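1. Everything below, folded, please.
(chains A and B)
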Amino acid sequence: MKGLLRRLRLKHSLLNKYLLIVLSALLLLPFAFPLIGILLVLPSWTQNADPDNRYRDGMRLERMWHAEAAKLEGASAARIDAELRRLRADYPKAEMFWVDGSGTTRLRLPEALQLPATWSASYTVQFMKTRSGGDIFTVVAFIGSGRDQGFMVLQLPRILLESVGEATRRNYGTIYVGGILLALGLFLSVSLLFFLRIRRRLVRLERAMAWPTDDGIPQTVAADREDEIGRLELAFNEMVRKLEASRAREAAETELRQDLIAKLSHDLRTPLTAIRGHAYSLNQEALSERGRESLGLIDRKTAYLGQLIENLFSFTLLSSGQYPYRPQRVDIVRMARTHFAGWYPVFEQEGFEVDTDLPETAVYWEIDPEWMERILDNYLQNVLRHAREGRYVALRVSAEAGGSIAISDRGPGMTGESESRGAGIGLSIAALMLKDMRLRVDVRSGPSGTTIRIGRIAAPGGGPAV
Amino acid sequence: MKKRVLYIEDDRDIGRWVKEDLERRGYEVDWQLSGEEAAERAKRADLVVLDVMLPGLDGFTVGQRIKKEVPNVPILMLSARTSVDDKLQGLRFADDYLTKPFHPDELAARLDVLQRRYGREPGRTIRLEHLAVTPDRQTVVDGRTGEEILLTPKQLQILLYFLRNPNLILTKEQIYEAVWGDPYIEGDKSVMVHIRYLREKIERDPGNPTIIETIRGIGYRVKQ
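-> Below is the predicted model:
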């Protein structure tokens, strides 16, 4: 049992709290009924403005009636009539009459009151007997202090005067329903509060998860309670901390790797530079034609090796997702033109016919401009290396279908034999980069030339922003 | 007067060879193995050639320090502009880049361009076919008649911009932003119009220009 409790960790459990609320509601129920009864009667005690209120208290009525009767000591019949009329005005629901010393019924209020004209002793006794404990509340008071002036009677339906107990008994149904409603209402509102507080905390947690900070990691939340949600918050915070730590580790690894590759790349290039430089120096010396040819080859191959090293390292970084990517809104027409301007003299020197077709209006893509330049470099490099015999290169940018960039040559096609191999890695880099930038490439290659066309992958809502 | 190049390179083979090559091309070369005193030495130099990886201080730190101390000396970085080097460090201070293994002719050509762009050659006159342009005095003289050709400020600025970037193809956007100093607005024809008027003043045959060459679809070029 203890083990089970510990496993459920009930000490600070929400279950515990809620059980407490249910229990309190059950305990409250017996107390709710008297409470409702008091609540129902209380207004009648406090509200004297109620016109029926003066009839409620039979004792008071009796006292009042005797006092009024005593005041009429030795009064004339006319004065007694007047007094009764005044009292009747005060208590319109009560019926009043008086009988004089000789037993004759005098003033009746109202007039229609069914009474004998004269009161015999036996009738009087019978009257008193029937009235005592009957439905009609009756007060009989002798006028004055003696017995010879007669008596005056006040009668009214007993229903008008009720004791607390009677009222309670009469309202029993209301009290019963009210008690249950009170207990239920209290229970429901406390439950509601309880669940609202749980909900608020859950929503706070959800927000912390759904709206991460700039670096994509959620913020930690304040965990101040020890219940289930508190423990969830603690676990969440722990997860965030782990995520941050792993992110930091990843960043450090990335930096280390990039640094290593930069150093390696530099260290490999340095001897190549020396070889190329010395080949150049050698070329200044007197050499045979064959010697010069060899030097020319050394020069070309060292340059090519430099590019291969660059591509190899780029590919390593790119395929492990560590190549820096900084997308921005770029006008590809302008970018392609500016970049191609740098290549133009190279093609010109090689005797290429250069053709361009660029629209006048801007076409915007969300790309990393350095990546795109690199992609274009790789394709143009390829043209220079493999399509030299075509002596033709064309750059075409179109605004249609979200924009496209096309590079064409008249070389032997990609399947054709070419003097230098190893272009694959450059094209692989271009393909990887294009994929990451949500661009696609169509290659049409035949014996009369190759056209490489870079376009957008149709994305929902990703139309060209021209 | 010889141009002084501060050359910082830790590799002795390359260093010796580049120093000899540049000296043969008429430069005075101050070759240093490390970047320790670079900022101080750069004050006496016209150009700086800097290797990225150096023992002790790395090339980026050295470059930034030089640029801070002597901002008007152009810096050419070696072994940069590759996949990682410049993107890692944001090589904003460098004026040009050259990737190893470079060809000595290319290094010389880049230095030439940098030197002209910074124009630290007072009173120099540049000859373009029949024209003699003196950037310091902002004059353009027709060599055939010896008369000065009067250009509007914008025309002159365009011409001088071409001379600062010899042999490079400049796009209309680049020219506009360099001369007007504002971001280029799509469809603007100012550059085209100004170049047409400029040609009418300086070309022998404005209908068939030879000084300011049009590279169809790309831009303009002035060869030197």
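2. Flag every residue of chain B that's near chain A.
-> For chain B, the residues found near chain A under the criterion C-beta under 8 Å from any C-beta of the partner chain are B:11, B:13-14, B:17-18, B:20-21, B:52-53, B:79, B:82-85, B:87-88, B:99-104, B:167-171, B:173-174, B:184, B:186-187, B:215-219. To be clear about C-beta, it is placed using only N, CA and C from the backbone, and glycine gets the same treatment.
3. so residue A:354 bridges to which residues?
-> Beta-bridge partners for residue A:354, by DSSP bridges, are residue A:393.
4. Just the local confidence number for the single nearest residue of chain A relative to chain B, please.
-> Of all residues in chain A, residue A:356 sits closest to chain B, with a separation of 3.1 Å (C-beta to the nearest C-beta). With respect to pLDDT, residue A:356 has a value of 90.
5. Contacts for the helix ranked longest in chain B, please.
-> Longest helix of chain B, by residue count under DSSP state H: helix B:104-118. Here helix B:104-118 makes contact (C-beta atoms under 8 Å, 6 or more residues apart in numbering or on different chains) with A:277, A:280, B:3, B:5, B:18, B:21-22, B:25, B:27, B:46-47, B:49, B:72-74, B:76, B:95-96, B:98, B:121, B:163-168.
6. ok, now which ones touch the residue lying closest to residue B:197 once chain neighbours are set aside?
-> Leaving aside its chain neighbours, residue B:197 sits nearest to residue B:155 (6.4 Å; criterion: C-beta to C-beta, 6 or more residues apart in numbering or on different chains). Contact analysis of residue B:155 by C-beta under 8 Å, 6+ apart lists B:194, B:197, B:198, B:201.
7. So which of those belong to helices?
-> The helices, defined by DSSP H, take in B:194, B:197, B:198, B:201 from the contacts of residue B:155.
8. quick one: which of these is most hemmed in?
-> residue B:198 (24 neighbours; other C-beta atoms under 10 Å in any protein chain shown).
9. pLDDT score assigned to that one?
-> Residue B:198 is assigned a pLDDT of 92 by the prediction.
10. picking up where we left off before, ok, which pair from the contacts of residue B:155 is furthest apart?
-> Distance extremes for the contacts of residue B:155: the farthest pair is B:194 and B:201 at 10.9 Å, using C-beta to C-beta.
11. buried ones in the longest helix of chain B?
-> Of the residues in helix B:104-118, B:104, B:107, B:108, B:110, B:111, B:112, B:113, B:114, B:115, B:116, B:117 count as buried by neighbour count, 16 or more other C-beta atoms under 10 Å in any protein chain shown.
12. what residue lies at the spatial centre of chain A?
-> Centrality entry for chain A: nearest residue to the mean C-alpha point is residue A:203, 5.8 Å, by C-alpha atoms, centre = their mean.
13. And the average pLDDT for the one helix or strand it maps to is what?
-> Secondary structure from DSSP states H and E places residue A:203 in helix A:172-210. Helix A:172-210 shows a mean pLDDT of 84.
14. what about residue 147, neighbour count?
-> Just so you know, I chose chain A. Considering only other C-beta under 10 Å, residue A:147 is surrounded by 10 other residues.
15. wait, I meant chain B there
-> Per other C-beta under 10 Å, the neighbour tally for residue B:147 reads 9.
16. for the chain, what are the low-confidence residue spans?
-> Chain wasn't specified; assuming chain A. Low-confidence segments of chain A, defined by pLDDT under 70: A:1-11, A:37, A:39-53, A:162-172, A:415-423, A:458-466.
17. looking at chain B here, not the other one
-> B:1, B:54-57, B:80-92, B:119-123.
18. which residue sits closest to the closest residue to chain A within it, ignoring its sequence neighbours?
-> Of all residues in chain B, the one sitting closest to chain A is residue B:217 (3.1 Å; C-beta to the nearest C-beta). Distances taken as C-beta to C-beta, 6+ apart place residue A:356 nearest to residue B:217, at 3.1 Å, with adjacent residues excluded.
19. Quick one: residues contacting that neighbour.
-> A:337, A:340, A:394, A:395, A:396, B:216, B:217, B:218.
20. and the residue lying farthest from the centre of chain B, helix, strand or coil?
-> Here the centre of chain B is the reference, and by C-alpha atoms, centre = their mean the most remote residue is residue B:145, at 30.5 Å. Classification of residue B:145 into helix, strand or coil gives coil, according to DSSP: H, G, I helix; E, B strand; the rest coil.
21. what does the stretch 201-350 of chain A put close to chain B?
-> Within the stretch 201-350 of chain A, the positions adjacent to chain B are A:258-259, A:261-263, A:265-267, A:269-278, A:280-281, A:299, A:302-303, A:305-306, A:310, A:313-314, A:317, A:323-324, A:334, A:337-338, A:340-342, A:344-345 by C-beta under 8 Å from any C-beta.
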